[in-house]
Structures are given as C-alpha cells and as structure tokens.
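**Student:** any chance you can model this:
(one chain, ligands or ions: 1)
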Amino acid sequence: MPDVAPNGRLLDRWGPVEWRGAAESIGQMVDQGWQVTSRCQACDLTMKTDLEALVKVKGHRFSLWNTSPRCRRLGCNGRVVFSGKPGNHWRTVELRAQCPPGKIPSRRQGCGWL
Ligand SMILES: [Zn+2]
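**Tutor:** Residues are numbered from 1 along each chain as shown. Below is the predicted model:
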C-alpha cells in the first residue's frame, strides 16, 4: 500500500479518487489485500467478489471502478454496485470515483495506463 502510516491514519483522509489511484485494477487490489463485495440495487443480494478468480478470467488490469454489471439472482433485472475495503484499513469505499489526476479515462475500461 502506498503512503500507509503504521496506524493507517494518513489514509483516513483519502477520498474515493485517492483510493482509485492506489488500486485501479483488480491485480492491484489483490496485491493490496482488498476485500470487495457487490450489492444489487434492486434486490439487495450481497456477495463477496472473488478477486483472484476474476483476475484469472479478466486479467490483472481489469477494473471494477464505476462498473455495474447485472445482478446474478435469477429473475432480477437489477444492477450491482461494488464496494471495497482496502487491505488492512478499516474503511469501506464504494468503487465509484473520477479518474485520479494524471490518468485519462479509457474508452475500453477504467482510467488510462500512461
Ligand atoms: Zn438483484
């Protein structure tokens, strides 16, 4: 984790954009020990996201930021939002944020890799 104080205090002031800057991709999230969950906005189905399995399917550069795939519950047409808890930090952040400064939005996915 970048800029981690031993007590985690520095990170308390971070907003979603800073967290996105630290962990744009699911590969970075795995390296940093993120715990990610998805919650359906329609039916509230909440599931743990298996990041390591996702890396195998989508590749380590895949990004969950600002994505909202369809709910996996049978018959539900809702969409899910992702939230994550970064590493050993206490905070849970919704994975919605603008691209950090110096990164440009990519048409394919996520913020550009400069
Ligand atoms: Zn649902």
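**Student:** surely Met29 meets Trp19?
**Tutor:** No: the pair Met29 / Trp19 is not scored as a contact, 10.1 Å apart, by C-beta atoms under 8 Å. To be clear about C-beta, it is placed using only N, CA and C from the backbone, and glycine gets the same treatment.
**Student:** any residues in contact with both of those two?
**Tutor:** Gly84 (C-beta atoms under 8 Å, 6 or more residues apart in numbering).
**Student:** which one's more surrounded, the two?
**Tutor:** Met29 (27 against 23; other C-beta atoms under 10 Å).
**Student:** for Val80, which non-adjacent residue is closest in space?
**Tutor:** With sequence-adjacent residues excluded and distances taken as C-beta to C-beta, 6 or more residues apart in numbering, Val80 is closest to Ser38, at 4.2 Å.
**Student:** tell me who's in contact with the one you found.
**Tutor:** Ser38 neighbours (C-beta under 8 Å, 6+ apart): Thr46, Met47, Thr49, Val80, Val81, Phe82, Ser83.
**Student:** among those, name the ones in helices.
**Tutor:** Among the contacts of Ser38, the subset assigned to helices under DSSP state H is empty.
**Student:** which residues in the protein form helices?
**Tutor:** Using DSSP H, helices in the chain cover 16-22, 26-31, 51-58.
**Student:** what would the ones you listed look like in JSON lines with mean pLDDT?
**Tutor:** Conversion of those to JSON lines gives the following (pLDDT from 0 to 100):
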{"stretch": "helix 16-22", "mean pLDDT": "89"}
{"stretch": "helix 26-31", "mean pLDDT": "95"}
{"stretch": "helix 51-58", "mean pLDDT": "96"}
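**Student:** so what's the residue nearest to Val80 bridging to?
**Tutor:** Met47, Phe82 (DSSP bridges).
**Student:** where does the residue of the chain most remote from its centre fall, phi/psi-wise?
**Tutor:** Residue distances from the centre of the chain (C-alpha atoms, centre = their mean) peak at Gly75, which lies 25.9 Å from the mean C-alpha position. Gly75 adopts backbone torsions of phi 80, psi 0, taken as degrees, to the nearest 10.
**Student:** much appreciated, bye for now.
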